[in-house]
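Any chance you can model this:
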Amino acid sequence: QVQLVESGGGLVQAGGSLRLSCAASGIGSSVNTMGWYRHLPGRQRELVAAITQSGSTNYGDFAEGRFTISRDNAKNTVYLQMNSLKPEDTAAYYCASGKALGPLPSGALYWGQGTHITVSS
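Reported below is the predicted structural model:
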């Protein structure tokens, strides 16, 4: 059974930082691109960042230069370091896994339960 368990969300002031973690279990090696999407009210889930097993990364435009995705393959864990957070980053953040993760969420096969981030101004 596939499980993606997220941690690290919460409340932070604008300009602050947070680090999200997502521990995966039960995922085969063929479905091992991992990443994060976020969901703002009234909008479709959008890609924050994704990373392949070999370490290739891609980011949403809003995340470039502020967020960094990394992974520890030995622990099957992916991390998202978020710096210079803005109030418009307030959203539910979801860990995802699939063969490939693009700008839209259709490529994700597995999802975590989500963790909420609130950035206060």
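
mean confidence score for stretch 39-55?
When pLDDT is averaged along stretch 39-55, the result is 94.

again with stretch 103-114
Average pLDDT, stretch 103-114: 93.

Buried residues of that stretch, list them for me.
105, 107-108, 110-112, 114 (16 or more other C-beta atoms under 10 Å). C-beta coordinates here come from the backbone N, C-alpha and C atoms, glycine included.

mind checking how far that stretch is from the chain centre?
10 Å (C-alpha atoms, centre = their mean, to the nearest Å).

contacts for it?
With contacts defined as C-beta atoms under 8 Å, 6 or more residues apart in numbering, stretch 103-114 is touched by 2, 4-6, 22, 24, 27, 31, 35, 37, 39, 44-47, 60, 92-101.

Show me what the closest residue in space to residue 93 that isn't next to it in sequence bridges to in the sheet.
Closest residue in space to residue 93, ignoring its immediate chain neighbours: residue 38 at 4.9 Å, by C-beta to C-beta, 6 or more residues apart in numbering. With DSSP bridges applied, residue 38 shows beta-bridge pairing to residue 46, residue 93.

ok, now residue 111?
Where residue 111 sits in a bridge, its partners, by DSSP bridges, are residue 96.

And the pLDDT at the residue nearest to the spatial centre of the chain?
Among the residues of the chain, residue 36 comes closest to the average C-alpha position under C-alpha atoms, centre = their mean, at 2.0 Å. What the model reports as pLDDT for residue 36 is 98.

one step back: now the two most distant members of the buried residues of stretch 103-114.
Using C-beta to C-beta, these reach their maximum pairwise distance at 107 and 114, which is 17.8 Å.

Please, which helix or strand holds residue 43?
Assigned by DSSP states H and E, residue 43 belongs to neither a helix nor a strand.

I'd like to know how far it sits from residue 103.
Residue 43 sits 13 Å away from residue 103 when distances are taken as C-beta to C-beta, to the nearest Å.
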